[in-house]
Each structure stands twice: as C-alpha cells, then as structure tokens.
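Colleague: For reference, the sequence and a predicted model appear below.
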Amino acid sequence: MARVYNFSAGPAVLPEEVLKEAAEEMLDYKGTGMSVMEMSHRSKDYETIIKEAEADLRELMNIPDNYKVLFLQGGAHQQFAMVPMNLMKNKVADYIVTGQWAKRAFAEASLFGKANKIATSEDETFSYIPDCSDLPISEDADYVYICENNTIYGTKFKTLPNTKGKVLVSDMSSCILSEPVDVTKYGIIYAGVQKNIGPAGVVIVIIREDLITEDVLPGTPTMLRYKTHADNDSLYNTPPAYGIYICGKVFKWLKKMGGLEVMKERNEKKAKVLYDFLDESKLFKGTVRKEDRSLMNVPFVTGSDELDAKFIKESKAAGFENLKGHRSVGGMRASIYNAMPIEGVEKLVEFMKKFEEENA
Ligand SMILES: *Cc1c(COP(=O)(O)O)cnc(C)c1O
C-alpha cells in the first residue's frame, strides 16, 4: 500500500490514524457486532458518538453555551440559502465578495431579499482581501456575510470586518479548526467538513441561540429551518451518521495533537516552508497579496501554461496528487490542511526546486 501526498482542496486528506481506526472498527464497532454505517441513529451507541463529537468540538473551539452546534447536510451550498431564509427578517443583507463561494452565497441571498455587495476584490481576480474597517454597512442589514478563507484564491481574512454592530456570518469551510477563533464575534459560523475535518456529506453550523427563531421567511421548508435541527439536537431526521462519526474521530485527533493553538503553530510553520520558497523562486510565484495569504490553500503559477501543465503532470508521477489549480483560475494550488504532514510540504518544495533547475 502506498499513500500519496494529497493536496486536494476537498474532499481532502484525512489523518492516517483516523482512517486506520475507522478501518479497524468497520465490521464491529466496539463490540456491537456492526459497523457505524449499519447502526440506528437513535441507538445508545450512536447517541454517544454524536454527543461526544459535539462536546469535543465545543472544547476545541471554546464554543460558549449560548451557541448551538448543528450537524447538517446539503453542504456549504445549502447554507448559502439557509442563512438568508432564517436571518433575513428585514430582507436586507450585506455581502463581502472575495471569491467564487462568496459570489455564489451573494447570488443565492439575492433570491430572498436585497443582498448588497458592500466590498469585493474581483477587480484583481480575488487576489487580496479588501479593507473592511469602514464599509457602508446598511442600517437595516440583518447580517454581514464573509467567506473567511477563500479556498480557490488562497486568501484569508486576518482581521474580521467592522460590521458596525451587525451580526457576522462566516463561511469557514476551508479554515475551521486551523487556528483558534473567538466564536463570540460571530452570529453564525458554518463549514462543509470535507475540507479540513472529515468526509463530504456533513456541514457544521455553529449558531448563536437568539438567531434561532420561528420568524423565518414564509415558505421556508421545515428541513431548512435552524430551529428544526436545534430543537432536535441534529436528530430531527436521519443525520449523515457515518460522516459525523469520522468528524468525531478527527476532533479527538486534534485534541491529542494539543488543540488549536498547536495546530496554528504547525500550520504556520508548514505554510512558511512553501511561501518562503515561492518568494525566492525564479520560476514559481505565489498569486496572493502577502498579508492576505491563507495558511490552508496556496495557489502558485510559473507564468507559462505549458510549464504549469508539465509541472502538474510530473508532480503527479512523483506522488504529489491534486496540485492543479481550480478550473476557474488555472495554475497550481497546494491545499495543506491540518492533516497534511509537514514532510509532505517539504518534499513538495524539494520537488519544485528540482523542477525549477531542470526547466531554467
Ligand atoms: C468547498 C467550499 C464551498 C462549497 O462546498 P459544498 O459543500 O460543495 O457546497 C463553499 N465555501 C467554501 C469556503 C468552500 O471551500
């Protein structure tokens, strides 16, 4: 068996330890004689799995008691709709558009009310984060929306926008658990887990309790109301049970690693290896304004489409998978989530050095 270094943006690399444990428990979960996949979501054993997953996530992120943690389905895309359907009481919301995902969320919100694009970095292919210290926040805005880490473009908000007292909603799909965050600064944090946590099929929503109300847009389906899931501890209907179980294992792995302070240090060290090389390389270049660089997604180019294609082909042959940039931007992108070991990045840089020499 040979595992590759998987730089996929998502679904993405998982900790090997977690995969091995899951494999060991595949046929007989802790003496139950069945796989977690075969287990009733109403059973005692499953109740323990989902409760522990929530408790561990709360501990890792230091989530206050007045926030609910929900494990839902439908991916980040479903949140693009659920957020306005549940929060747009005045039918007004302000969006900061820093990439494709924020753009989609903005377009979706426009189906339900007046979505205002109050800042964007589209003028420079989303290669930076706009200054958000004094934006024209709408007086009657129900919330201000950001995509905190832009998976495709490799930018990250290092300071949160000044929302002038409005509720902040953040799509953290590709940066959740990469470093500590102050949950109290947000009304809603959500994340599709297939980037930095677990297998596709689960989206985690962390929502302040006062935002969970019956006062939702008319016609909002039962399944798309936060209240439905909050009132039933994410067990209103059958949850993505196996996915949540794997997420729970990843939370335990993160706790064992030392928690989010330690992950932050590791991630900074890991990203630095690649960014330092990009800064000194004569062939490869990072595409993002330095101060806005993501720790999780690192896009880069050679400046020649031909050399980019050659690099992607040769890197794949050398055991580095999924380095091709998003189809909308081209070039390369290395996603270096929590589960990517530093050796993976060091070996990638070695390979890039060699490629640079050979193609000088
Ligand atoms: C991947 C991604 C999405 C889309 O996620 P789906 O689960 O496919 O809907 C949205 N936002 C961000 C930041 C992402 O990285």
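Modeller: Ah, there it is. Numbering: from 1, shown residues only.

Colleague: drop to CA atoms for contacts and neighbour counts, all remaining ones
Modeller: Fine.

Colleague: Got the domain ranges for the chain?
Modeller: Split into domains by automatic domain parsing, the chain comes to 17-257, 259-359.

Colleague: Looking at these, spot the one closest to the ligand.
Modeller: Among these, the nearest to the ligand by C-alpha to the nearest ligand atom is domain 17-257 (3.5 Å).

Colleague: what's the first-to-last distance across the closest one?
Modeller: Distance across domain 17-257, first residue to last, is 12 Å (C-alpha to C-alpha, to the nearest Å).

Colleague: Is the ligand within reach of it?
Modeller: Yes. Counting by C-alpha under 6 Å from any ligand atom, the ligand has neighbours in domain 17-257: 75-77, 101, 147, 150-151, 171-174, 192.

Colleague: Could I get the average pLDDT for that domain?
Modeller: Averaged over domain 17-257, pLDDT sits at 98.

Colleague: in the protein, which spans are strands?
Modeller: Secondary structure of the chain by DSSP state E: the strands cover 5-6, 67-72, 92-97, 114-120, 144-147, 149-150, 155-156, 168-171, 188-192, 203-208, 285-286, 297-301, 320-321, 332-335.

Colleague: Could you say which of those is packed most deeply?
Modeller: Highest mean neighbour count among these (mean count of other C-alpha atoms under 10 Å): strand 149-150, with a mean of 29.

Colleague: who does it pair up with?
Modeller: With DSSP bridges as the test, strand 149-150 is paired with strand 155-156 (antiparallel).

Colleague: Please list the outside residues in contact with the partner strand.
Modeller: 126-129, 148-150, 288, 292-295, 297 (C-alpha atoms under 8 Å, 6 or more residues apart in numbering).

Colleague: which one of the residues of domain 17-257 next to the ligand sits closest to Ala12?
Modeller: Ser174 (10.3 Å; C-alpha to C-alpha).

Colleague: Can you give me the separation between the closest residue to the closest one other than its chain neighbours and Ala105?
Modeller: Excluding its sequence neighbours, the residue lying closest to Ser174 (C-alpha to C-alpha, 6 or more residues apart in numbering) is Lys195, at 5.4 Å. Counting by C-alpha to C-alpha, the gap from Lys195 to Ala105 is 18 Å.

Colleague: on that earlier part again, can I get the strands of the chain in a markdown table with distance to Tyr46?
Modeller: Formatted as a markdown table, the strands of the chain follow (distance: least, C-alpha to C-alpha, whole Å):
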| stretch | distance to Tyr46 |
| --- | --- |
| strand 5-6 | 31 |
| strand 67-72 | 14 |
| strand 92-97 | 38 |
| strand 114-120 | 40 |
| strand 144-147 | 32 |
| strand 149-150 | 32 |
| strand 155-156 | 36 |
| strand 168-171 | 28 |
| strand 188-192 | 21 |
| strand 203-208 | 18 |
| strand 285-286 | 45 |
| strand 297-301 | 34 |
| strand 320-321 | 35 |
| strand 332-335 | 32 |
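
Colleague: Quick check: the gap between the residue in the chain sticking out farthest from the centre and the ligand.
Modeller: For the chain, the largest distance from the centre (C-alpha atoms, centre = their mean) belongs to Ala360, which lies 36.2 Å off. Look at Ala360 and the ligand: by C-alpha to the nearest ligand atom, to the nearest Å, they are 34 Å apart.

Colleague: now the helices for the stretch 251-360 of the chain?
Modeller: 260-280, 305-317, 342-358 (DSSP state H, counting those that start in this stretch).

Colleague: Quick one: those as a markdown table, columns for mean pLDDT too.
Modeller: Below are the helices of the stretch 251-360 of the chain laid out as a markdown table (pLDDT from 0 to 100):
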| stretch | mean pLDDT |
| --- | --- |
| helix 260-280 | 98 |
| helix 305-317 | 97 |
| helix 342-358 | 98 |
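
Colleague: Take those and write them to TSV, including distance to the ligand and mean neighbour count.
Modeller: TSV is the format used below for the helices of the stretch 251-360 of the chain (distance: least, C-alpha to the nearest ligand atom, whole Å; neighbours: other C-alpha atoms under 10 Å):
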stretch	distance to the ligand	mean neighbour count
helix 260-280	17	17
helix 305-317	21	16
helix 342-358	20	16
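
Colleague: Make JSON lines out of the ones you listed and add distance to Met88.
Modeller: Shown next, in JSON lines, are the helices of the stretch 251-360 of the chain (distance: least, C-alpha to C-alpha, whole Å):
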{"stretch": "helix 260-280", "distance to Met88": "33"}
{"stretch": "helix 305-317", "distance to Met88": "44"}
{"stretch": "helix 342-358", "distance to Met88": "43"}
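
Colleague: Can you tell me which of the ones you listed is nearest to Asp231?
Modeller: That would be helix 260-280 among the helices of the stretch 251-360 of the chain, by C-alpha to C-alpha, at 28.9 Å.

Colleague: out of the helices of the stretch 251-360 of the chain, nearest to Glu209?
Modeller: helix 260-280 (24.2 Å).

Colleague: The closest one to helix 342-358, inter-axis angle?
Modeller: Angular relation of helix 260-280 and helix 342-358 on a 0 to 180 degree scale: 0 degrees, by axes from the mean of the first three to the mean of the last three C-alpha atoms, to 10 degrees.

Colleague: Against which helices or strands is helix 260-280 packed?
Modeller: helix 241-257, strand 285-286, helix 342-358 (3 or more C-alpha pairs under 8 Å, 6 or more residues apart in numbering; DSSP states H and E).

Colleague: Max pairwise distance over the contacts of strand 155-156: which two?
Modeller: Of all pairs in the contacts of strand 155-156, the most separated under C-alpha to C-alpha is Phe126 and Leu295 at 16.3 Å.
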